[in-house]
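1. Mind folding the following:
(chains A, B and C)
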Amino acid sequence: MTSQTITPELEALVERVLERKLDERFGELQSQLAAIERRMSSCERQATAERATLLVFSGEMDPLMAAFIIASASIAMGLEVTMYFTFWGLNALRKTWTFKGKTLPEKMIAALLPKSVGRLATSRLNMAGIGPAFFKKVMDDNNVEDLPSLIEVARDLGVRMVACEMTMGVMGIKREELVDWCDYGGAATYLEHAADSKLTLFI
Amino acid sequence: MTSQTITPELEALVERVLERKLDERFGELQSQLAAIERRMSSCERQATAERATLLVFSGEMDPLMAAFIIASASIAMGLEVTMYFTFWGLNALRKTWTFKGKTLPEKMIAALLPKSVGRLATSRLNMAGIGPAFFKKVMDDNNVEDLPSLIEVARDLGVRMVACEMTMGVMGIKREELVDWCDYGGAATYLEHAADSKLTLFI
Amino acid sequence: MTSQTITPELEALVERVLERKLDERFGELQSQLAAIERRMSSCERQATAERATLLVFSGEMDPLMAAFIIASASIAMGLEVTMYFTFWGLNALRKTWTFKGKTLPEKMIAALLPKSVGRLATSRLNMAGIGPAFFKKVMDDNNVEDLPSLIEVARDLGVRMVACEMTMGVMGIKREELVDWCDYGGAATYLEHAADSKLTLFI
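-> This is a model prediction of the structure:
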C-alpha cells in the first residue's frame, strides 16, 4: 500500500465524473428555470402600468369636477394620468364656438352647448341655471377649487388631456373651438392606454 | 510512488463525494425555486385576462354609442369583449314590447320605454325628440355609423352581449322582447368576467 | 500497479475540484435567479389585490341599486369591497338633514336633496315622483330587494362604505346628517384603494 499522489490523470478523472453529474442535474434545473421564465414573461405582459386613464363622457360641472379631482389625486399618487374627452365631455376643453363651415344641425348643436367651461350646468339641481352659482358659493365657503381652477391644477400637475377626434365629428366640434394645449386621439389611442392602466373609469 | 490507475473504487469515491455536495447545494436551490414558484402562481392568479367587460346601465343613444364604439375598438385591440346590459341599458337589446302576462306597473314601464333601439332619445339636447335626428344628420355628414349599425358592427366583430336577467325582472322585461341573439346572465356571471378583465367600465 | 486506498488527500482533492466547479456553475445560476427575483418583485408590485373599489357619484335610486348589487356580488365572489360615496352618491348614506350652522346656499341644497334613502327618485321615468313606487311594486312582484334592503345586505356582507369628506364640503353636508356606521376619507384614500383593485367602477 503506497501513499497516493495527485496525478494529472486523477484530476482529469474527478473533473470528468463531475461534469457528467453536473450536466445531468443542471439540465433538469435549466428546464425548470426556462418554464419559470416563460410564466414570468406572460405575467409581465399581463401586468398593467402605473397609469390611470379616464374616459370623460359627461359634460356637466359636477361629474367634470369629480373627473379632475380624481385625475389630480392620481398624479399625486405617482400614477401617469391621461383623460380622454368624448361626447359631452369635450365641453371641458371648449374655448369658444364657431359657426363658419358648419352644416345647419352642427350649428344648432353648437348653439345649444355651453359657451365655455365656466358656464356649465350641474347635472342635478340646475334650477334654471341657479344651481352652478350655489355650488360655487358653497365651494368658496369650503375652500374647494372651482372647475376652471381644477382643470388648471390638473394641467400643472402633468395630466395629459386628449380630445376624441371621432366624437368631435359626431358633435360637429372643430379644433379651433377647443383650447390649444390639448392633444387629439381616437378610440384606438384610448384603448391602448386603458388596457395598460391600473385605473380606468367612464365618467 | 506508483503511477495511479483509475480503479472502480476511485470512481465510486468521486461519485459519492459529489452526490453529497450536490445534494447540499441543490437542496438550498430547490427551496429557492419552490419559493419562486409559489410567488409566481400567486402573480398568475392575480393577472387579468386580455379581456374588456362593459356594464351598460344607460339606455340613451349617446352613452350606448360610446359603449359600442369602445367595445368594437377593444376587439380591434385583440381583447375579448363582453357587454352586460342592465337596467336602462337593456334598451339596446330590445326588439319589441309585449303587454301579455304583465302586471299593470310592468305594462306602464314597458309603454314608457322606447320601442326599439332606433328610437332612443339622447341624454342631453333631446329637444322634444328632435335631438336624435340632429345627431344622425351630423353623423351622416361625418361618416360615423349610427347606433343600429354600431351594434351590428360590434356583433360582427365578435362582441358577446349578455342581458342581466335580474334587472329584466326589476324592469318587467320578458325574453321575447329582446333580440334572439343575446345571452342571459346575472350579477355573478358579470363579476366573474369583470374581476378577470384588463378593462372594466360602468357606462 | 497497486490496489488503491481512499486516502484523506484523495478525498480533499475531490472536494476541492468539486467546489471549484460548483462555484462556477452556481455563480451563473444565482445571477439567473436574482434576475428572476427582480422581475417577480416588479410583477408582485404591479399585481392588484382581490378587491373591488366603487366610486358612487350618482344619487338616484336605480344607479344606487346597481352599485349595491355589484358590491354584494363582489363580496360573494371573494373580493374585498369598498364603496366611496361622493357628490350625489352621498345621498345613499343620508340619515336626515340639518340646517343649523349652514350658510344659506348650503341650506337650499340640503332642502332640495332627498330626505332619506327611501325617498330617492329614479334617474329616468321619475314621472313626478310616481316612478320609484312603480319600481318598488315591480321589484316586489319579482322578488328583488328594494334599495334600503340592498344597503343592509351589503353592510351585513361586509362591504365597507366611505363618505368623501371633501365633497361633503362641496355639497354642504355635515357628519351628523349621515348614518353613524360609515367611514370617512378623501380622494387620496380612494386612489390608494382603487389603484390596487381588480375592479374599479365610477357609478
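2. make it CA atoms for all contacts and neighbour counts henceforth
-> Will do.
3. is any part of the helix or strand harbouring A:S41 close to chain B?
-> Using DSSP states H and E, A:S41 sits in helix A:8-46. Yes. Helix A:8-46 reaches chain B (CA under 8 Å from any CA of the partner chain) through A:E9, A:L10, A:L13, A:V14, A:V17, A:L18, A:I36, A:R39, A:M40, A:C43, A:Q46.
4. Phi first, then psi, for the most centrally placed residue in chain A.
-> Using CA atoms, centre = their mean, the residue of chain A that lies closest to the mean C-alpha position is A:T53, 2.4 Å off. For A:T53, the backbone dihedrals (degrees, to the nearest 10) come out as phi -130, psi 110.
5. Can you give me the distance of it to B:V153?
-> The gap separating A:T53 from B:V153 is 25 Å, by CA to CA, to the nearest Å.
6. what does the average pLDDT come to for the helix holding A:S41?
-> Average pLDDT, helix A:8-46: 79.
7. Kindly report the same for stretch A:152-162.
-> Mean predicted lDDT for stretch A:152-162 stands at 91.
8. okay, how far is it across it, tip to tip?
-> 15 Å.
9. So, low pLDDT: which residues of chain A?
-> Applying pLDDT under 70 to chain A flags residues A:1-6, A:96-145.
10. Break it down into its domains, please.
-> Residue ranges for the domains of chain A, per automatic domain parsing: A:1-47, A:49-202.
11. would you list those in JSON lines and tack on distance to C:F57?
-> What follows is these, written out as JSON lines (distance: least, CA to CA, whole Å):
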{"stretch": "domain A:1-47", "distance to C:F57": "28"}
{"stretch": "domain A:49-202", "distance to C:F57": "8"}
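12. Could you provide those domains in JSON lines, with additional columns for distance to chain C?
-> Listed next are the domains of chain A as JSON lines, based on distance: least, CA to the nearest CA, whole Å:
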{"stretch": "domain A:1-47", "distance to chain C": "6"}
{"stretch": "domain A:49-202", "distance to chain C": "5"}
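13. Deepest-packed of those, please.
-> domain A:49-202 (a mean of 19; mean count of other CA atoms under 10 Å in any protein chain shown).
14. for chain A, what spans make up the strands?
-> Using DSSP state E, the strands of chain A run over A:49-56, A:80-85, A:160-164, A:183-185, A:197-202.
15. what's the first one in contact with?
-> When contacts are taken as CA atoms under 8 Å, 6 or more residues apart in numbering or on different chains, the neighbours of strand A:49-56 outside the stretch itself are A:64, A:67, A:71, A:74, A:78-86, A:89, A:190, A:193-194, A:196-203, C:46.
16. can we see that at 7 Å?
-> Residues from elsewhere that reach strand A:49-56, judged by CA atoms under 7 Å, 6 or more residues apart in numbering or on different chains: A:74, A:79-86, A:89, A:193-194, A:196-203.
17. Please name the strands paired to it in the sheet, noting orientation.
-> Sheet pairing of strand A:49-56 (DSSP bridges) gives strand A:80-85 (parallel), strand A:197-202 (parallel).
18. Kindly reformat those strands as CSV containing distance to C:S149.
-> As requested, the strands paired with strand A:49-56 are arranged in CSV below (distance: least, CA to CA, whole Å):
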stretch, distance to C:S149
strand A:80-85, 36
strand A:197-202, 27
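19. and B:F57, which of those strands is closest to it?
-> strand A:197-202 (11.8 Å; CA to CA).
20. what angle separates the closest one from helix C:8-46?
-> Interaxial angle of strand A:197-202 relative to helix C:8-46 (axes from the mean of the first three to the mean of the last three CA atoms, to 10 degrees): 20 degrees.
21. I'd say A:C43 and B:R45 touch.
-> No. If you go by CA atoms under 7 Å, A:C43 and B:R45 don't touch, sitting 9.6 Å apart.
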